[in-house]
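Student: Sharing a sequence plus its predicted fold:
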Protein chains: 2
Amino acid sequence: MAEVRADDLIMVSVDDHLVEPPDMFDEVMPERWRDRAPRIIRTKEGADVWTFEGSIIPNIGLNAVAGRPREEYGIEPTAFDEMRPGCWDVDARVKDMDAGGVLGSMCFPSFPGFSGRLFAATEDKDLALAVLRAYNDWHVDAWCGTHPGRFIPMGLPVLWDAELAADEVRRLAAKGVHSVTFTENPATLGYPSFHSDHWDPLWRALCDTGTVLSIHLGSSGQLAVTAPDAPIDVMITLQPMNICQAAADLLWSRVIKEFPDIRIALSEGGTGWIPYFLDRLDRTYDMHHLWTGQDFGGRRPSDVFRDHFLTCFIADPVGVNLRHDIGIDNIAWECDYPHSDSSWPHAPEELARVAARYDVPREDLDKITYRNAMRWYSYDPFAHTPEAEASVAELRARAAGHDVAVRSFDTGRFERTRKGADLGKLARQATA
Amino acid sequence: MAEVRADDLIMVSVDDHLVEPPDMFDEVMPERWRDRAPRIIRTKEGADVWTFEGSIIPNIGLNAVAGRPREEYGIEPTAFDEMRPGCWDVDARVKDMDAGGVLGSMCFPSFPGFSGRLFAATEDKDLALAVLRAYNDWHVDAWCGTHPGRFIPMGLPVLWDAELAADEVRRLAAKGVHSVTFTENPATLGYPSFHSDHWDPLWRALCDTGTVLSIHLGSSGQLAVTAPDAPIDVMITLQPMNICQAAADLLWSRVIKEFPDIRIALSEGGTGWIPYFLDRLDRTYDMHHLWTGQDFGGRRPSDVFRDHFLTCFIADPVGVNLRHDIGIDNIAWECDYPHSDSSWPHAPEELARVAARYDVPREDLDKITYRNAMRWYSYDPFAHTPEAEASVAELRARAAGHDVAVRSFDTGRFERTRKGADLGKLARQATA
């Protein structure tokens, strides 16, 4: 059996989240709109919530629980001073990435919605565009730019206008951005579906600039809620696989056929169900294409899928085992910090155990943990951090110089470590 | 590699469909209601449709395409004389089962909906109950009873009254019935969800009588439609996996916890996604149960799943490969005759090829093709057909005495065979 050491891995996460800091619009909002920018207010109950054009958007508790004991998880809105600073402070975030052994990270938004729905719902479209561009500039210049090479930059899309969406993709590409978020299903948000030609300007801009459409679970605005009185466990279980709807919708759509260079990431969608899904695509084609008229120029849907889709997982033993049925070039690991499904700071140990169980060679593992992320997102962390200094062990040695909270293996609770603590040892003991 | 011969298999299908014949209510409907029984009328366009209390219910074309070339598949309503007689004539059905090598079959309804929604929507509940009981009596006595041992009988549920539903389960059990259909999600039909105590009388009756709740995909009334203009391939691809919503809904519900003997079949739900789903259940439990309060008495959700759920597949190589991650006692094959996803009459050859690829031992294969179906549904075909005469080859030898249509390996079209044709040879050649 191949020995897999968590210490030796290089980890790039294609799905994390940031909680927007209160001062984010101070520098980036044009003078004309400055007093109408979203801002933070504190409620009577002590929660910090965003307000914008009369709307109130709470910080959902589950979205920022990294570093808290699981008994305290919950969906209640929360205040910045109750959150781990790494949620919203980029310097603290990089320290937490070091402690978790994570070299690079792509961070999805919080209060605007994964695909910027909040701005799309704004009546004053000039204001909406100004805020969206300000958000993107802040994300690229302030969040990602402060620590060069540590983040994969990503933009929010202009959902309400396909031409403006294309312009923003091109503007961002000129700033080095190769990822834009999008919704699982524009039709559920009241826009034309993936089957209309409405979005063609956007698809063209993505292809021209080598930008990946990063579709995050939950971005359709439709949660997998079976009944009003269903326990929340039902929704949590179903949420990732729900993205199969977007995958099927896009795979059979004209987008794939008319834009051969388009690439799509199924963010937080999991991987273990993909081999079944590919079989199902092929069987649907075999049994039905003669009357439905589907035509991929003689190719199989499963092969077409591999040309266009990146699949992403947090912890998914079945997917690691079946990596070659998915496509070894189509899988990327993600950390999901600071959400409740994240294994931070023990994710390298968790993945190493799974890799050992299925005897995954280092070459495959490297593709899954960083090489695929680099290629799909045109991301080169080694221009800033030499590869020899990028491993989990190297980053954790750096983190040991700070004061970071990790889970105590004695109490099961997160505690502040002393400077100089061996984080790798702590993580190994905590996950043994 | 284990040699797997399709000829040697014994095939029991836990999911087929019948199209109700026009005369079905003639004998079974009580005198008082006879003139209000559902009946067939022919439309101007030449389709045969059911009519009941002012409603018109077409026979959906895709539901009865067995034996037609795939170019002719479609959703248009159809007439009885355009259908293969095996769709609605039980004697012809048994001949088709023989030709397909299928020993036993459980047949879901067509015009009332998989869970009898049509009768639940009927205003006159006395009439509704009379029709539903007449339907069940016809199904058990006429459809299944004409060929003893060839069918697993199944009843329609009384959706609109949990006490009456319990009574009907007990009445049917006394007639030897151990399966009742149900909806994927009563909440979407306007009834209390799986999380209320509304259905407790029904659950109790199921446990008392050893009756399986057979939940067929599509029975929630909600198709997996992503957008009005999405190609139908999207819906066909997604439909099976959609049942994961029912599986999650029930697994986390009080039903499982308060009725430890309850058993549920996920009919036509596929199996390849189950290992991922079980991982996801366990991870959801690990990460969240301390705040959501889920408690299975210290057991893992994946183990609880295996106590209660039977998974069912038509053709699913990933599921066959991962059979031990699913649970070798939790998988049953299905034929899906006469629907468009069926491989009839070549299903034994299709399964044998997959079994050979994954080196499945005969013991595992027997569980998948008939032993699990017999145990879960308290079904004993060998009381009527000796085991030595039940194999695919034996049944096909019997079918060779008839005049049956199978796909020609020359033209790809279905043609009538001459009496005495070697159906096994035809099937092997057609699937080579």
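Tutor: Cool, got the structure.
Student: Which parts of the helix or strand A:Leu206 falls within count as buried, going by neighbours?
Tutor: Element membership for A:Leu206, per DSSP states H and E: helix A:200-209. Neighbour-count burial for helix A:200-209, with 16 or more other Cβ atoms under 10 Å in any protein chain shown as criterion, is recorded at A:200-206, A:209. No exception for glycine: its C-beta is placed from N, CA and C like everyone else's.
Student: do stretch A:43-60 as well
Tutor: Neighbour-count burial for stretch A:43-60, counted by 16+ other Cβ under 10 Å, picks out A:47-50, A:52, A:57-60.
Student: avg pLDDT for it?
Tutor: Across stretch A:43-60, the average pLDDT comes to 88.
Student: Buried ones in stretch A:293-312, by neighbour count?
Tutor: In terms of neighbour count (16+ other Cβ under 10 Å), stretch A:293-312 has its buried residues at A:294, A:296, A:301-302, A:304-306, A:308-312.
Student: Show me those residues that map onto helices.
Tutor: Members of those lying in helices (criterion: DSSP state H): A:301-302, A:304-306, A:308.
Student: Could you tell me which ranges of chain A sit under the pLDDT cut-off?
Tutor: A:1-2, A:61-62, A:77, A:402-421, A:423-432 (pLDDT under 70).
Student: now the top helix by length along it against helix A:301-308, angle please.
Tutor: Secondary structure assigned by DSSP H gives helix A:274-292 as the longest helix of chain A. Orientation check (axes from the mean of the first three to the mean of the last three Cα atoms, to 10 degrees): helix A:274-292 against helix A:301-308 gives 120 degrees.
Student: how about helix A:274-292: buried residues?
Tutor: For helix A:274-292, by 16+ other Cβ under 10 Å, it's A:274-285, A:287-288, A:291-292.
Student: circling back to that earlier point, can you add distance to A:Leu103 and give the buried residues of stretch A:43-60 back as a markdown table?
Tutor: A markdown table is the format used below for those (distance: Cβ to Cβ, whole Å):
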| residue | distance to A:Leu103 |
| --- | --- |
| A:Ala47 | 34 |
| A:Asp48 | 31 |
| A:Val49 | 33 |
| A:Trp50 | 30 |
| A:Phe52 | 34 |
| A:Ile57 | 31 |
| A:Pro58 | 32 |
| A:Asn59 | 27 |
| A:Ile60 | 28 |
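Student: and which of those residues is nearest chain B?
Tutor: Here the nearest of the buried residues of stretch A:43-60 to chain B, counting by Cβ to the nearest Cβ, is A:Ile60; it sits at 13.9 Å.
Student: A:Met83 is in contact with that closest one, correct?
Tutor: No - using Cβ atoms under 8 Å, A:Ile60 is not in contact with A:Met83; the gap is 11.3 Å.
Student: Mind telling me what element the closest residue to chain B within the stretch 301-432 of chain A is part of?
Tutor: Residue of the stretch 301-432 of chain A nearest chain B, by Cβ to the nearest Cβ: A:Val318 (4.7 Å). Element membership for A:Val318, per DSSP H and E: helix A:317-321.
Student: on contacts alone, who are the packing partners of that helix?
Tutor: helix A:347-357, helix B:274-292 (3 or more Cβ pairs under 8 Å, 6 or more residues apart in numbering or on different chains; DSSP states H and E).
Student: of all the ones you listed, which lies closest to A:Thr237?
Tutor: In terms of Cβ to Cβ, the element of the helices and strands packed on helix A:317-321 nearest to A:Thr237 is helix B:274-292, at 4.8 Å.
Student: Look at A:Leu103 and give its secondary structure.
Tutor: strand (DSSP: H, G, I helix; E, B strand; the rest coil).
Student: mind exporting the helix holding A:Val318 as PDB, just the C-alpha atoms?
Tutor: Only the C-alpha atoms of helix A:317-321 are listed here, as PDB (Å, rounded to 0.1, in the frame of the first residue of the first chain):
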ATOM      1  CA  PRO A 317     -14.300   8.300   0.100                       C
ATOM      2  CA  VAL A 318     -16.500   6.800  -2.700                       C
ATOM      3  CA  GLY A 319     -15.300   9.500  -5.200                       C
ATOM      4  CA  VAL A 320     -11.700   9.000  -4.300                       C
ATOM      5  CA  ASN A 321     -12.100   5.200  -4.800                       C
END
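Student: near chain B too, which of the buried residues of stretch A:293-312?
Tutor: Among the buried residues of stretch A:293-312, proximity to chain B is found for A:Gln294 (Cβ under 8 Å from any Cβ of the partner chain).
Student: Same list, the buried residues of stretch A:293-312, but as CSV with distance to B:Arg171 please.
Tutor: Shown next, in CSV, are the buried residues of stretch A:293-312 (distance: Cβ to Cβ, whole Å):
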residue, distance to B:Arg171
A:Gln294, 47
A:Phe296, 52
A:Pro301, 47
A:Ser302, 48
A:Val304, 52
A:Phe305, 49
A:Arg306, 53
A:His308, 54
A:Phe309, 51
A:Leu310, 54
A:Thr311, 49
A:Cys312, 51
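Student: Could you point out which of the buried residues of helix A:200-209 is nearest to chain B?
Tutor: A:Asp200 (14.9 Å).
Student: Which positions in stretch A:351-370 come out as buried?
Tutor: Within stretch A:351-370, the residues that count as buried by 16+ other Cβ under 10 Å are A:351-355, A:358, A:360, A:364-365, A:367-370.
Student: can you list those in CSV and add distance to A:Val177?
Tutor: Converted to CSV, these look like this (distance: Cβ to Cβ, whole Å):
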residue, distance to A:Val177
A:Leu351, 28
A:Ala352, 32
A:Arg353, 35
A:Val354, 32
A:Ala355, 31
A:Tyr358, 35
A:Val360, 32
A:Asp364, 29
A:Leu365, 28
A:Lys367, 23
A:Ile368, 24
A:Thr369, 23
A:Tyr370, 19
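Student: Closest to B:Ala162 out of those residues?
Tutor: Distance ranking of those against B:Ala162, using Cβ to Cβ, places A:Val354 first at 44.2 Å.
Student: quick one, what contacts the closest one?
Tutor: Applying Cβ atoms under 8 Å, 6 or more residues apart in numbering or on different chains to A:Val354 gives the contacts A:315, A:317, A:320, A:360.
Student: A:Arg300 too?
Tutor: Going by Cβ under 8 Å, 6+ apart, A:Arg300 touches A:282, A:285.
Student: what residues does the stretch 301-432 of chain A put near chain B?
Tutor: Residues of the stretch 301-432 of chain A lying close to chain B by Cβ under 8 Å from any Cβ are A:315-319, A:322, A:325, A:340-341.
Student: re earlier: if we only consider the buried residues of stretch A:351-370, which is nearest to A:Ala227?
Tutor: Distances from A:Ala227 to the buried residues of stretch A:351-370, taken by Cβ to Cβ, are shortest for A:Val354, at 33.7 Å.
Student: measure the closest one to B:Arg283 for me?
Tutor: Distance, A:Val354 to B:Arg283, by Cβ to Cβ, to the nearest Å: 12 Å.
Student: now A:Pro338
Tutor: Distance, A:Pro338 to B:Arg283, using Cβ to Cβ: 17 Å.
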